[in-house]
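Q: My questions are about this predicted structure, shown below with the sequence.
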2 protein chains.
Amino acid sequence: MLLSKTCTYGLLATLFVASQKGERDYVPIREISRQLNISFHFLTKILQRLTTHNIMNSYRGPNGGVRLAKTPDEISLMDIIQALDGNKIFEGCVLGLPGCGESTPCPLHQSWSQSRDIIIHSFMSANLANMSQEIQKGNLRISGMENWFTRKDD
Amino acid sequence: MLLSKTCTYGLLATLFVASQKGERDYVPIREISRQLNISFHFLTKILQRLTTHNIMNSYRGPNGGVRLAKTPDEISLMDIIQALDGNKIFEGCVLGLPGCGESTPCPLHQSWSQSRDIIIHSFMSANLANMSQEIQKGNLRISGMENWFTRKDD
DNA sequence: TATAATTCAGACTCTTTTATCTTTAATTTA
DNA sequence: TAAATTAAAGATAAAAGAGTCTGAATTATA
Ligand code: FES
Ligand code: FES
């Protein structure tokens, strides 16, 4: 897998928060958990990390929850991925050899570095503003059909 | 990580075997282990799986070891990757959502499917014949500098 | 036939990831 | 102040991946 579970959950949750309409300030984690069918406690930990990375703000107590720490156009998917998975996915040799570069290429370096650049560029240029618009229009989905059923709370 | 450790070890070992010169039939796993600095027993299991997938032939006893089951141009890197990591890497949504396609795209589908196609094409078109030539010429490396030191046998 | 070299097979341990459970702290509201 | 709501924090457990260990089976060679 390119992205860890932690990372995909973080991405989905952030996209969910970004695409929330309405005047309320904070979105409760429990609601995100239910809508996206992600374990509440697990999601809490993930969002805590996003909070410490200054991608989210959190607030405790009634009407509390999380919200974006910046405007949606200032947050790229790459920011979230790096906060949760680090950049070990994008740097380093795909075969695990020490070092990665044109000077000492492994057999996959040529094709991989090309693909990698495309992926990195995509993740950096994709920000929450663009995507949340499309999500609100219904052109993009951030959940499967499992949330047609309700998740049992944990 | 895109590829598991199992998979990268399998790729390196296969490339090593393919780039062996000489008239001997089988390459002992212990020698591959030493040259590539991979745990012998772990590598043994990996090569067993490649044997059952008809990528390698094995032979027991003195002068035994493994060899390619087909000619190098008949084995692509994709064959090895699929034998060891399956195709779950290449199929399915990068965000873990059920299903992946143009009809129900997730926010990363556009960029990911493009990158994915490039990667798949690279892995399918790269065969052992091409690569072992380059390795023998010294243009490609299949190990880091750790094999400048000897690995303690396990 | 005895011995050494080698793969095969399975159980086992260790580590990381993923997930759950419980308690604590902060905040609002009545 | 008391009660309810919510995130924070930590302990624990389950699952998967990575790696180790031991013994058995096969084969060549002396
Ligand atoms: S050296 Fe292997 S991917 Fe660059
Ligand atoms: S739907 Fe997510 S990658 Fe295709």
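A: Ah, there it is. Ligands and ions are numbered 1, 2, ... in the order given.
Q: drop to CA atoms for contacts and neighbour counts, all remaining ones
A: Noted.
Q: Report the outermost residue of chain A with respect to its centre.
A: Farthest-out residue of chain A from its mean C-alpha position, per CA atoms, centre = their mean: A:Ser103, at 33.5 Å.
Q: could you give the mean pLDDT of the longest helix anywhere in chain A?
A: In chain A, taking DSSP state H as the definition, the longest helix is helix A:109-125. For helix A:109-125, mean pLDDT is 89.
Q: how about the helix or strand following it against ligand 2, any contact?
A: Per DSSP states H and E, the first helix or strand lying C-terminal to helix A:109-125 is helix A:128-137. No - if you take CA under 6 Å from any ligand atom as the test, helix A:128-137 misses ligand 2, and the best it gets is 13.0 Å.
Q: Report all helices and strands that helix A:128-137 contacts.
A: Under the contact criterion of 3 or more CA pairs under 8 Å, 6 or more residues apart in numbering or on different chains; DSSP states H and E, helix A:128-137 touches helix A:5-18.
Q: For the helix it packs on, which residues meet the burial criterion?
A: By neighbour count on 16 or more other CA atoms under 10 Å in any protein chain shown, the buried set for helix A:5-18 is A:6-18.
Q: contacting residues around the closest residue to A:Ile119 other than its chain neighbours?
A: Nearest non-adjacent residue to A:Ile119, counting by CA to CA, 6 or more residues apart in numbering or on different chains: B:Ser115, 6.3 Å away. Counting by CA atoms under 8 Å, 6 or more residues apart in numbering or on different chains, B:Ser115 makes contact with A:115-116, A:118-119.
Q: let's see it at 7 Å
A: Contact analysis of B:Ser115 by CA atoms under 7 Å, 6 or more residues apart in numbering or on different chains lists A:115, A:118-119.
Q: residues from chain A in reach of DNA strand D?
A: Where chain A comes near DNA strand D, counting by CA under 7 Å from any atom of the strand, the residues are A:27-30, A:41, A:44-45, A:47-48, A:51, A:58-66.
Q: In strands, which of these appear?
A: Judged by DSSP state E, those include A:58-59, A:65-66 as members of strands.
Q: Show me which of those are buried.
A: Those of those that meet the buried threshold are A:58, A:65-66, by 16+ other CA under 10 Å.
Q: what about A:Leu108, how many residues close to it?
A: 19 (other CA atoms under 10 Å in any protein chain shown).
Q: for A:Cys93, same thing?
A: By other CA under 10 Å, 19 other residues sit near A:Cys93.
Q: Please verify my assumption that it contacts A:Thr104.
A: No - A:Cys93 lies out of contact with A:Thr104 (CA atoms under 7 Å); the separation is 10.3 Å.
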